[in-house]
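> Give me coordinates for this.
(one chain, ligands or ions: 1)
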Amino acid sequence: MNGLISLTQQQFTMFQTFIYRQTGIWTQDGKIALLSNRIRRRLRERNLESFDDYYGLLTAGTIPGELEAFIDAITTNETHFFRMGSHFDWFSGPFLDEVIDRASAGKRERSLRIWSAACSSGEEPYSLAICLAEQASRLGGWTLEVVGTDICESALATARAATYKRRSLESISPDRLSKHFVSAPGGDTWTVRPAVTQLCQFHRHNLLEPMPGRKFDCIFIRNVLIYFDAGSKAVALRHLVGSLQSGGYLVVGTTDGAHDHLEGVERCSIFLYRKP
Ligand SMILES: C[S@@+](CC[C@H](N)C(=O)[O-])C[C@H]1O[C@@H](n2cnc3c(N)ncnc32)[C@H](O)[C@@H]1O
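Residues are numbered from 1 along each chain as shown. From the prediction side, this is the model:
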């Protein structure tokens, strides 16, 4: 097979529509080279010569795990610990102060359920869990849960393994690094300590579908809606707001364009919304 074959415009449109229906991601028309490269990996894996053959195999749904592998190949999983530090400053500061004060006044239970939606390889949920672990003295006796979800199985496997290279850790202070991670001999990977990992659980979830289970006190949804169009943003945000407790907070990426598609929440700041 010619390693550099590219999708034709017609094949591009076919995959663009398929990806959109499966994930809500709208692949921009200019991304034909990028999408060709990503799908070519699946052709190689399946020993196929043409994109049409691969499309047939993918949509027939006869090969277990192929849809998941395709989604792994086409998603952008870029992330790092404490990405947009000010969001975590809000979480550790005003948010935890408010919930702890309300619990002390008997106005809420001593439990917190946090959702990192589209968490990729786990850096965001572990950053949230680190914030909770650092407040252990104020949160003694609380039930704490951080749920990380993503559509991409390989990213979730990395999240569960909890071992990271230096590049993911560049925004972490040396103090936090030594407190919450153990370095491998040689020092090129770092593993999150059990005090933090035990607060986290990971599940596969598609933002186009409602999230089953109990509602959350705070949801982080950052740097994913930027890949969605207006229709899929509205669907995902409706499910997210539906999964939020009354009085709960939604933290959005500032470039995600969520604002125009949000209903049922009040704006607190450029990145923060509250369900009344
Ligand atoms: C760029 S990462 C963002 C990670 C993290 N939230 C952050 O801000 O650093 C985007 C993630 O969204 C996930 N994603 C894309 N479409 C999704 C969908 N429909 N449902 C759930 N996750 C999705 C991708 O697999 C990818 O891991």
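> Extract the C-alpha set from stretch 53-67 and format it as CSV.
C-alpha atoms of stretch 53-67 as CSV (Å, rounded to 0.1, in the frame of the first residue of the first chain):
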residue,chain,number,x,y,z
ASP,A,53,-12.7,-1.1,2.4
TYR,A,54,-11.9,0.2,5.8
TYR,A,55,-15.1,2.3,5.9
GLY,A,56,-17.1,-0.9,5.0
LEU,A,57,-15.4,-2.9,7.8
LEU,A,58,-15.9,-0.1,10.3
THR,A,59,-19.5,0.5,9.7
ALA,A,60,-20.4,-3.2,9.4
GLY,A,61,-19.6,-3.4,13.1
THR,A,62,-18.4,-7.0,12.7
ILE,A,63,-15.0,-6.7,14.3
PRO,A,64,-15.1,-6.3,18.0
GLY,A,65,-13.2,-3.3,19.3
GLU,A,66,-12.7,-1.7,15.8
LEU,A,67,-15.0,1.3,16.5
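> mind listing what residue 82 touches?
88, 127, 171, 172 (Cβ atoms under 8 Å, 6 or more residues apart in numbering). Just so you know, the C-beta spots here come from the backbone N, C-alpha and C atoms, and that holds for glycine as well.
> count of neighbours near residue 76?
Residues within reach of residue 76, counting by other Cβ atoms under 10 Å, total 14.
> That one falls within a helix, correct?
No: counting by DSSP: H, G, I helix; E, B strand; the rest coil, residue 76 is not part of a helix but coil.
> mind listing what it touches?
Neighbours of residue 76 in contact, by Cβ under 8 Å, 6+ apart: residue 227.
> what about the strands in the stretch 51-200 of the chain?
111-117, 143-150, 163-165, 181-183, 189-192, 200-204 (DSSP state E, counting those that start in this stretch).
> between those strands, which one is nearest to the ligand?
Smallest distance to the ligand across the strands of the stretch 51-200 of the chain (Cβ to the nearest ligand atom): 4.7 Å, for strand 143-150.
> residues of stretch 162-174 that come out buried?
162, 164, 168, 169, 172 (16 or more other Cβ atoms under 10 Å).
> Stretch 133-144 too?
133, 134, 139, 142, 144.
> Ok, stretch 94-102 next?
95, 96, 99, 100.
> circling back to that earlier point, just the ones of the buried residues of stretch 133-144 in helices?
Among the buried residues of stretch 133-144, the ones falling in helices (DSSP state H) are 133, 134.
> Could I get the strands of the stretch 51-200 of the chain in a markdown table, plus columns for mean pLDDT and distance to residue 70?
Putting the strands of the stretch 51-200 of the chain into a markdown table (pLDDT from 0 to 100; distance: least, Cβ to Cβ, whole Å) gives the following:
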| stretch | mean pLDDT | distance to residue 70 |
| --- | --- | --- |
| strand 111-117 | 98 | 21 |
| strand 143-150 | 98 | 15 |
| strand 163-165 | 97 | 25 |
| strand 181-183 | 97 | 33 |
| strand 189-192 | 97 | 28 |
| strand 200-204 | 98 | 14 |
